[in-house]
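1. One predicted model, sequence on top.
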Amino acid sequence: MRIEEYKDRYPAELSGGQQQRVAIARTLAPNPKILLMDEPLSNLDAKLRNDMRAELKRLHLTTGSTFVYVTHDQSEAMTLSTKVALIKLGVLQQYCPPLELYGEPANTFCADFMGNPSMNFVNCHGHKDGNTIILDSKKFECRFTPNDPIDIPEQSEYVLGIRPEFVKICDDGLEAVVISSLPSGMETTLSLAVDDITLAAVAFGSVDFKMDSTVKFNFEGNRYVLFDKASTNKLTLGSLEIIR
């Protein structure tokens, strides 16, 4: 727990984060079969929190104990869990492995909660075109091809879910204005405006973009999520092609 140097201090002489590490160590000491943890890392600084996540994950594997871990931090849920139970107002929304929750969210609430930056949601009117759906957002039009065959109504209202990493900056595509650029070294998080539609995007590598500059983007991948607008439930996953 990296608190050996504090072993001669009284509890009142420890900081909140140090006290929290003592509590974790005390909980783990008798090798319990089940551990109930309620935001155990919330008072730690960012670097120590990351280190403790790795330590807790290692302990989970080596002890063979069951960890029931409550957190509002989505990155903790993603990195630590074998399964996530996502609850809204006391109602279970989805229970599955974290990567499944990220890639195949059951509804827009689950999709919005998991991921940083969050999934983009674009309201679209859709109509059937063979085995595909033409989605019209009023600002751009796309062809959505389901990965698996589904019963597609002739016309309906949808919400198209687009993960930021699927929005690719390129030389040819739709034009957008850069309204925010946040480089972190390994990647840059962007906010792009297509008229009144704002899309989050991720550009990988050490790059930066000027504010209010114009860039072009396209969509790549086949993990776009189509939600029913009325129920907000997931309908299917598929690929996307810009028509105009």
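-> In hand now; what should we look at?
2. And the chain, what are its domain boundaries?
-> Using automatic domain parsing, the domain parsing of the chain gives 4-82, 120-242.
3. For those domains, state which one has the densest average packing.
-> Mean neighbour count (mean count of other C-beta atoms under 10 Å) peaks for domain 120-242 among those, with a mean of 16. Backbone N, C-alpha and C define where each C-beta goes, glycine included.
4. circling back: can you tell which of the domains of the chain is closest to Met114?
-> When those are compared by C-beta to C-beta, domain 4-82 sits nearest Met114, at 5.5 Å.
5. centre of the chain versus the closest one, how much separation?
-> Centre-to-centre, domain 4-82 and its host chain are 23 Å apart (C-alpha atoms, centre = their mean, to the nearest Å).
6. tell me the phi and psi of the residue most central in space within the chain?
-> Nearest residue to the geometric centre of the chain (C-alpha atoms, centre = their mean): Gly115, 1.1 Å. In terms of degrees, to the nearest 10, the main-chain angles of Gly115 are phi 120, psi 140.
7. in the chain, which spans are helices?
-> Under the criterion DSSP state H, the chain contains helices at 16-28, 46-63, 74-80, 98-103, 108-113.
8. Which one of these lies nearest to Ile133?
-> Closest of the helices of the chain to Ile133 is helix 108-113, at 17.6 Å (criterion: C-beta to C-beta).
9. Just the CA trace of that closest one, in PDB.
-> Once non-C-alpha atoms are left out, helix 108-113 reads as follows in PDB (Å, rounded to 0.1, in the frame of the first residue of the first chain):
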ATOM      1  CA  THR A 108     -28.200   5.100 -25.000                       C
ATOM      2  CA  PHE A 109     -27.700   5.400 -21.200                       C
ATOM      3  CA  CYS A 110     -25.200   2.600 -21.200                       C
ATOM      4  CA  ALA A 111     -23.500   4.000 -24.300                       C
ATOM      5  CA  ASP A 112     -23.200   7.500 -22.800                       C
ATOM      6  CA  PHE A 113     -21.900   6.300 -19.500                       C
END
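10. Distance from the chain centre to that helix, please.
-> Worked out by C-alpha atoms, centre = their mean, helix 108-113 lies 8 Å from the chain centre.
11. Many thanks, have a good one.
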